[in-house]
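Below is the structure, and that's it, no one-letter string:
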């Protein structure tokens, strides 16, 4: 069964300039392998039926339409929603699919996710970023925290007590230090004077505080606090299901870390510094 | 001619931008008295070899445009350290990240250089095994003042009358045991892996103090319609909510060393690890209240603790009625070794005085002998004070009158 939902946040007045981007993503189940070889149950939205723990990064320009088909390739029912939209909330039985159209008239990092059994399904991986307003120097940071033993619990259909949450792995785009630097969609590489956009979303269940060495960035979009747009900062608190678009115009060369300044989150499996830590390289 | 021009240029640079030289020692055998009176082992930055490292570390202060040079010595067996100049956007060589710049071994030293950028509030901390070394105490504040060193927030910014630093962190006392602190270093690895125990903080700190330690040490003593500037810093692993009394009409004016494009008026400010906020607060009425600082678990959102900072705003119009004490002056100001406090008494009253630093720390306090009616004066030996800004307050029970002075 196919359903079509049209989601327009603002009227597209200049439709002649807008394009439609067609994408298909699959809800897959598999195992995420941590940097230390430990594995945990995981779901992800992928571009094929082959499981990959990195959710597909979707991107469009302001005013463009994203025609998105979601196919449930898992053995259980799932859902689909985009944070801050009303009336979407799709239900997709196993083997079924759904289609939505999404557009935005503003630059932003929008979180798409599975709202069923919230927050469990989103937590075990089903949450990614739709970047609106990308340029040629755009990067994507899907920030997540994980408690290894809980993923299997949730994967087996059992409940967990979120009041006792103490995650032990921390990733960006499904990778932790030092592997994050191998992800070309995450690791910023640029030159002095470039206009670099970073689309950042926290799809985990803990709060984080992302600190940049070497540079301040300007907030050009904030999902929770529109009045923070225009602020120039070096540290960006990011709450659960919050997103930012940051603009970085480097003024100096060098390799500089970016990391969570809740320093508990630059660990992995209880080991420092194998968590949320990557570097920026400006040439 | 070229040589002459070169020396002339050096001369111009030296008179235009002054130099600030800082000396810090990294230590790992410090002792810190906590609220129960017990002593914890801490790491930290000490100003000299004979001192335990204070928590937070010594204030680094410079004016915008100054050339700052930090001579960092490491006297801590087993451990190497660095100084990361958090928020100052220094170049890679001075960034203090061991695998990208350099680290300083035991009984060695290194220099960090930077030109003080935007006026504002910053931090420094060790970036070696940082999850352990920060919790152990290796952090401190940096204030970059406007280029003229005045009591304004930045060049062309807001003038203020008082300045209070609220520097938040926590202690997990288990992390301060030898088995955690004396970790191994793998100096051959690109990364220096460390085992990190679960974090369950049991002391929630403001300027390194908590609970009853805060009384008379961290507070705002001011008068009505004074502009009170707060520098809020979070270097812990909890998020904070700082809740000001509504009568203070708090306004956030800057963050992370940059003015906000739009002032935000709010009594409640959330501040996360690594962030800094500048807040202006002024009361038109006398108040006797407190600022609440809440500490939240960032994994669960649970409120873990609340600390209180006393706020006492006295009616400016009643200051002249305060014990009939008038005509308070401090000379010389700026002062070097001896400050003369002059005042006029119209009624015999018991008096005491205290000196507080601008970041709210009590430096010393003393009861004064009885004075006669009329003109009086007494002297305070200021030779032991470090260079900087201070408040001298004369106190009679709940009445207080304060004056600022600068120690050269």
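Structure received. Being a predicted model, the structure only gives us computed values, none of them experimental. Numbering: from 1, shown residues only, chains lettered A, B, ... in the order given.

hey, let's count contacts and neighbours off CA atoms from now on
Fine.

now the helices for the stretch 151-300 of chain B?
B:178-181 (DSSP state H, counting those that start in this stretch).

In chain B, spot the strand with the most residues.
strand B:19-33 (DSSP state E).

who touches it?
By CA atoms under 8 Å, 6 or more residues apart in numbering or on different chains, the residues outside strand B:19-33 that reach it are B:39-49, B:52-55, B:60, B:62, B:66-77, B:79, B:81, B:138.

so what strands line up beside that strand?
strand B:39-46 (antiparallel), strand B:67-74 (parallel) (DSSP bridges).

Centre of the chain to the first one, how far?
On the basis of CA atoms, centre = their mean, to the nearest Å, strand B:39-46 is displaced by 17 Å from the centre of the chain it belongs to.

Ok, the last one next?
Averaging C-alpha coordinates over strand B:67-74 and over its chain gives two centres that are 18 Å apart (CA atoms, centre = their mean).

And the contacts of the next helix or strand after it?
Sequence order places strand B:84-86 as the next helix or strand after strand B:67-74, per DSSP states H and E. Under the contact criterion CA under 8 Å, 6+ apart, strand B:84-86 has outside partners A:213, B:94, B:95, B:96, B:97, B:122, B:123, B:124, B:125, B:126, B:127, B:274.

Name the strands paired with strand B:84-86 and say parallel or antiparallel.
Sheet pairing for strand B:84-86, using DSSP bridges, gives strand B:120-125 (antiparallel).

Longest helix in chain A, please.
Selection of the longest helix in chain A by residue count, based on DSSP state H, yields helix A:148-155.

Report the mean per-residue pLDDT for the helix or strand just after that helix.
Downstream of helix A:148-155, the first helix or strand assigned by DSSP H and E is strand A:169-172. Strand A:169-172 comes out with an average pLDDT of 98.

neighbours around residue 169, how many?
No chain was given, so I picked chain A. Residues lying near residue A:169 (other CA atoms under 10 Å in any protein chain shown) number 25.

meant chain B, my bad for not saying
Quick note: residue B:169 (other CA under 10 Å) scores 29 neighbours.

so who does it touch?
B:204, B:205, B:206, B:207, B:208, B:234, B:235, B:236, B:237, B:238.

so where's the stretch 51-200 of chain B uncertain?
For the stretch 51-200 of chain B, the stretches with pLDDT under 70 are B:187-188.

what's the answer for chain A, then?
A:1-17.

again, only this time at 90
Counting by pLDDT under 90, chain A contains low-confidence ranges at A:1-18, A:84-89.

Point out the residues in the stretch 51-200 of chain A that sit beside chain B.
A:162, A:163, A:164, A:165, A:166, A:167 (CA under 8 Å from any CA of the partner chain).

State the phi and psi torsions of the closest residue to residue A:214 other than its chain neighbours.
Nearest residue to residue A:214 in three dimensions, chain neighbours excluded: residue B:89, at 4.0 Å (CA to CA, 6 or more residues apart in numbering or on different chains). When read as degrees, to the nearest 10, the backbone of residue B:89 gives phi 50, psi 40.

Hmm, residue B:89 is touching residue A:217, no?
No - the pair residue B:89 and residue A:217 does not pass the contact test of CA atoms under 8 Å, sitting 11.1 Å apart.

Roughly how far does the nearest residue to residue A:83 once chain neighbours are set aside sit from residue A:260?
Nearest-residue entry for residue A:83: residue A:111, 5.4 Å, with adjacent residues in sequence omitted and distances by CA to CA, 6+ apart. Separation of residue A:111 from residue A:260 (CA to CA, to the nearest Å): 20 Å.

So which of those two has more stuff around it?
Set residue A:111 next to residue A:260 and count neighbours by other CA under 10 Å: residue A:260 wins out with 27 against 23.

Which residues are in contact with the closest residue to that one other than its chain neighbours?
Spatial nearest neighbour of residue A:260, chain neighbours left out: residue A:210 (4.4 Å); criterion: CA to CA, 6+ apart. The contact partners of residue A:210, by CA under 8 Å, 6+ apart, come to A:235, A:236, A:237, A:238, A:258, A:259, A:260, A:261.
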